[in-house]
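> Any chance you can model this:
(2 chains)
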Amino acid sequence: MRFMGQVCLLAAFVSVGYAAFACLYGALLRNRKLKQTGLVSALGGFVALSVVMVVLAYALLVKDFGFQYVVQYSSRQLPWHYSLSALWVGQAGSLLLWAWMLGLAALLFRFWPWKKPSELRDPAFGFLMAYCAFLTATMVFAADPMEANIAPSEEGAGLSPLLQHPAMLIHPPIVFLAYAAWAVPCALAISALAFRRPHGNPLEPSLTAAIGPSAIDSSWVRIARPWALAAWTVLGGGILLGAYWSYEELGWGGYWAWDPVENGSLMPWLLGSAFIHTLMSWQIRGMLKKTSIALAIAVFGMCNFATFLTRSGIFSSLHAFSQSPIGWLFLGLMLILGIGGTVLLVQNRQSLVSENRFNSIWARESFVVISMVSLLLLTAVTVVGTLSVALSEAIVGRRIIVGPAFYNNVLIPTGLVLLATVAPAPLLRWGASPTARQTRAILFSVVAATIIAIIVWLSGVRHPLGLAVAWLAALSVMMLIAALFLESSNRNGGRPWRGLLSTLVASHRLYASFAIHLGFVCIAVGVTGSSLGSRQHELVLTPGDEVVWAGRSIRFHQLIERELPDKFIVEAELEIARGEEKPFRLLPAQHLHRLQDQWTTEVAIRSTWSEDFYTILHNGEGRDAVRLTFVENPLMRWMWLGGWVIAVGAFVRLLPSPGQERKKHPPPVSHLQEKKTRKQRKRRELETAKS
Amino acid sequence: MSTTVKLGIAACIVSGVTAYMAYVGTMTSWKYYLTVDECLADAPALVQQRVRVNGRIAVGSLDIANDRQRATFKLCGTNYELPVTCAGPLPDNLAEDLEVVVEGQLDAAGLLCGEKVLTRCASKYLPETQTATAARPQTSTEVRHR
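From the prediction side, this is the model:
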């Protein structure tokens, strides 16, 4: 079976390599037959990769210690689901999963039944296959998942107890899925630049005539947008799951430590947020073209940079990494992308001139620019902080590392600016200032949000940052409600209540986008609440002791010891009561994992919409006494809720738009304005051509 | 004033504030990042400075207090060993022969007084040599709650 896996891995490498060559060269020569052989080869390569995946998964499930990989990451006692998750825990397995997901994404991209297929589909597919070949090559030459275990073994090292958590079952696959999906917009952007045929295409003069000798094929924007949104959502979900794992499993009361690995996945997400919005500006206003192309390449480059961070072994991190050449391969790829992308961008700069100017500071594209600046600054700061050791050594000759305060300080202004740009988005128009009605709605929202902020102040929140976030969050909600009522009123002759639901259904994609903004606001509320209002208390208790802390009466009943086949469990039984509320029981624990001879802290959390009550059992303190830490983290649940809101919003946004609905109902004001602008532009162009 | 100029001014303000906050954050949180050998070679200049030292815990040197709030050990470099004392909550997987990062201050006697000790999540993308070590049963017999 292992031999079959090895043969399939080699076959996959050859197949996807040929597919890359055939699709790219075929697209250049416009040779249909060559492209078709490339497609068949790509399908073959994907099947071969799937076989390798199945072989490794089966080996992990049946604990076949003939595989080196199984010895490293599994054990006889490991439950089947964690055994299967070991597939993406190790270096070789994670690369295999990534390559497989990239293959899947590439095939989905190539064979998706688009209504208006783009000429760029084949070269972009060729670039995706080239990247797949790169990933497969790293497995063939540097990290073979099918490697044999030479020394006979009856038992494996097992999975780290810290990774045995439900969030870790899905966190790595969805991050790799996001990285795979981010490759699509990048491949499209590069194809749009590389296959624009600046001097005309001698093989197909009709095409040159159609798109012009120096025109960029803008069809890539239409195709890239859903891929970018899907990748952004999945990556955001992966980051939040990682934060949730850190919060529940590491037992330190927090969820984000600005570790290089966390930063690694955050950077493409931040750049991706900017990219999604600049892409909209291109599609709707014909603006920010160079920025969009640069960001498409940069986001994918950052995905490779994140891989470099996790696998080069040169960074000080909470995570353990191999010091293998693999990380450097990804850095090399990122540099090639960066240099190649810059050269292409410079070559094509004349074709990427904006079609419109910024008409008003209160137009939507102006807010896109400001939010983009904030996101780029936050990304730059994260990159500088992550690379601080290397940078300081190069500049001042000493290695200096910065702490979380460096990032947190920057997060305050940039986060506030982002919230301030997100809040008015529903009441802004593309290309023009808000109408008189929209301006009135904005003023109404500001007043309503101010009243809410005063209520928050009266409820006891005194921190200026907390109040600012509360005001901006309330403003976001009020503006969205006002926009919905305004549109409903426009559609139903001034009676907004009558057609509220139909308006929501008709413009569901638009409001899904705003729901994503609301999800971001929820996350901001959670982060602010848990950062500003968190407090903790550590103490030693013996059975029967009762303490009062943070308005709660906490009683330690007893220490419970349990023996399981693979671990020994010690739990502290706590009963917690607050005021008239019904008392609840929490069982913070310590687990001794026999195989690894390692203790892990298992926290117990009581979560409500106002706060999380988080308990940590540390250790014994003599006869039955235990050391415990209690943490109160306000508004934590809002952060997880934000993730769900974003996921649902993105799902609805990605649903195909019903064409009939468009005919029945007029699009929102901003779209009408946009159509008018386009018509005017075309008329002007015609007049210029005539003259 | 054109909209582009207004946008430029807004971008400059945001960038300026961000740069200032980054500067303040750097001034309050920076530390020297050193290996054990570098720390000892430059010890006189580093006394009372905030440092972050990376090394491996020497086998046979780890002593964890019963309350698990204090630990002493020797941090191995290529050529030298650095004595360390750590106060505060210790990570679950703190063990001998493990690579750790200690944050703290170096005192005049050459002792690193750590405020925080960070271990690495075991087994994720481990190099093969470390995985082989992980597969071996550990020798620690400490039972925390007894």
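> make it CA atoms for all contacts and neighbour counts henceforth
OK.
> which parts of the top helix by length along chain B are buried?
Longest helix of chain B, by residue count under DSSP state H: helix B:3-29. Going by neighbour count (16 or more other CA atoms under 10 Å in any protein chain shown), the buried part of helix B:3-29 is B:3, B:7, B:10-11, B:14-15, B:18-19, B:21-22, B:25-26.
> What is the nearest of the residues you listed to chain A?
residue B:25 (3.8 Å; CA to the nearest CA).
> and that closest one, what does it touch?
A:403, A:405-410 (CA atoms under 8 Å, 6 or more residues apart in numbering or on different chains).
> With residue A:647 instead?
Residue A:647 sits next to A:233-234, A:237, A:516 when contact means CA under 8 Å, 6+ apart.
> among those, which are in strands?
If you go by DSSP state E, these have nothing in strands.
> can you put the residues you listed in CSV and add pLDDT and distance to residue A:270?
Shown next, in CSV, are the contacts of residue A:647 (pLDDT from 0 to 100; distance: CA to CA, whole Å):
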residue, pLDDT, distance to residue A:270
A:233, 96, 12
A:234, 96, 13
A:237, 95, 13
A:516, 96, 15
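> So which residues of chain B form helices?
Along chain B, counting by DSSP H, helices occupy B:3-29, B:36-41, B:43-46, B:128-135.
> Please apply the same query to the stretch 151-300 of chain A.
With DSSP state H, counting those that start in this stretch, the ranges of helices along the stretch 151-300 of chain A come out as A:166-194, A:205-211, A:219-249, A:260-285, A:289-311.
> Residue 90: neighbour count?
Picking chain A for this. Using other CA atoms under 10 Å in any protein chain shown, residue A:90 has 25 other residues around it.
> My question was about chain B, not that one.
So residue B:90, with other CA under 10 Å, has 19 neighbours.
> same question, residue A:116
Residues lying near residue A:116 (other CA under 10 Å) number 9.
> ok so it is a strand residue?
No. Secondary structure of residue A:116 (DSSP: H, G, I helix; E, B strand; the rest coil): coil, not part of a strand.
> Model confidence score at it, please.
Confidence at residue A:116, expressed as pLDDT, is 73.
> From residue B:70, how far out is it?
Residue A:116 sits 67 Å away from residue B:70 when distances are taken as CA to CA, to the nearest Å.
> circling back: neighbour count, pLDDT and distance to residue A:65 added to the contacts of residue B:25, as CSV?
Below are the contacts of residue B:25 laid out as CSV (neighbours: other CA atoms under 10 Å in any protein chain shown; pLDDT from 0 to 100; distance: CA to CA, whole Å):
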residue, neighbour count, pLDDT, distance to residue A:65
A:403, 19, 86, 42
A:405, 19, 90, 46
A:406, 23, 93, 46
A:407, 23, 93, 44
A:408, 16, 92, 46
A:409, 19, 92, 49
A:410, 24, 92, 49
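> looking at it, residue A:554 is touching residue A:579, isn't it?
No. Applying CA atoms under 8 Å, one finds residue A:554 not in contact with residue A:579, separated by 11.9 Å.
> end-to-end on stretch A:353-368?
Using CA to CA, the two ends of stretch A:353-368 sit 18 Å apart.
> now that stretch, how far from the chain's geometric center?
For stretch A:353-368, the distance from its own C-alpha centre to the chain's C-alpha centre is 27 Å (CA atoms, centre = their mean, to the nearest Å).
> In that stretch, which residues are buried?
A:358-368.
> Hmm, residue A:476 is touching residue A:418, no?
No. Residue A:476 lies out of contact with residue A:418 (CA under 8 Å); the separation is 11.4 Å.
> Those two: which has the busier surroundings?
Just comparing residue A:476 and residue A:418: by other CA under 10 Å the higher neighbour count belongs to residue A:476, 27 against 23.
> Just to be sure, the more buried one is in a helix?
Yes. With three-state DSSP as the criterion, residue A:476 is part of a helix.
> OK, contacts around it?
A:422-424, A:518, A:521.
> Once you drop chain neighbours, what's closest to residue 118?
Using chain A. Spatial nearest neighbour of residue A:118, excluding adjacent residues (CA to CA, 6 or more residues apart in numbering or on different chains): residue A:219 at 6.1 Å.
> ah, no, chain B please
Per CA to CA, 6+ apart, closest to residue B:118 is residue B:101, 5.1 Å.
> what residues are up against the one you found?
Going by CA under 8 Å, 6+ apart, residue B:101 touches A:316, B:52-55, B:117-119.
> export those residues to JSON lines and tack on pLDDT?
Output for the contacts of residue B:101, formatted as JSON lines (pLDDT from 0 to 100):
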{"residue": "A:316", "pLDDT": "52"}
{"residue": "B:52", "pLDDT": "88"}
{"residue": "B:53", "pLDDT": "90"}
{"residue": "B:54", "pLDDT": "85"}
{"residue": "B:55", "pLDDT": "87"}
{"residue": "B:117", "pLDDT": "85"}
{"residue": "B:118", "pLDDT": "80"}
{"residue": "B:119", "pLDDT": "74"}
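> ok so, going back, would you turn the buried residues of helix B:3-29 into TSV with pLDDT?
Shown next, in TSV, are those (pLDDT from 0 to 100):
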residue	pLDDT
B:3	88
B:7	93
B:10	94
B:11	94
B:14	94
B:15	95
B:18	94
B:19	94
B:21	94
B:22	93
B:25	92
B:26	91
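> do you know how far residue A:59 is from residue A:73?
Going from residue A:59 to residue A:73 by CA to CA gives 11 Å.
> Between the two, point out the one with more neighbours.
residue A:73 (29 against 23).
> any chance of the contacts of residue A:647 in JSON lines, with distance to chain B and neighbour count too?
What follows is the contacts of residue A:647, written out as JSON lines (distance: CA to the nearest CA, whole Å; neighbours: other CA atoms under 10 Å in any protein chain shown):
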{"residue": "A:233", "distance to chain B": "25", "neighbour count": "25"}
{"residue": "A:234", "distance to chain B": "22", "neighbour count": "25"}
{"residue": "A:237", "distance to chain B": "20", "neighbour count": "22"}
{"residue": "A:516", "distance to chain B": "24", "neighbour count": "23"}
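> any chance of these in JSON lines, with distance to residue A:491 too?
Rendered in JSON lines, the data for those read as follows (distance: CA to CA, whole Å):
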{"residue": "A:233", "distance to residue A:491": "31"}
{"residue": "A:234", "distance to residue A:491": "35"}
{"residue": "A:237", "distance to residue A:491": "36"}
{"residue": "A:516", "distance to residue A:491": "24"}
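> Among those residues, which one lies nearest to residue A:612?
Set against residue A:612, the nearest of the contacts of residue A:647 by CA to CA is residue A:237 (20.8 Å).
> mind listing what the closest one touches?
By CA under 8 Å, 6+ apart, the neighbours of residue A:237 are A:174, A:643, A:647.
> so which of the residues you listed comes closest to chain B?
Relative to chain B, the closest of the contacts of residue A:237 is residue A:174; by CA to the nearest CA it sits at 16.6 Å.
> any idea how far the closest residue to that closest one other than its chain neighbours is from residue A:101?
With CA to CA, 6+ apart as the criterion, residue A:174 has its nearest non-adjacent residue at 5.7 Å, and that residue is residue A:238. Going from residue A:238 to residue A:101 by CA to CA gives 15 Å.
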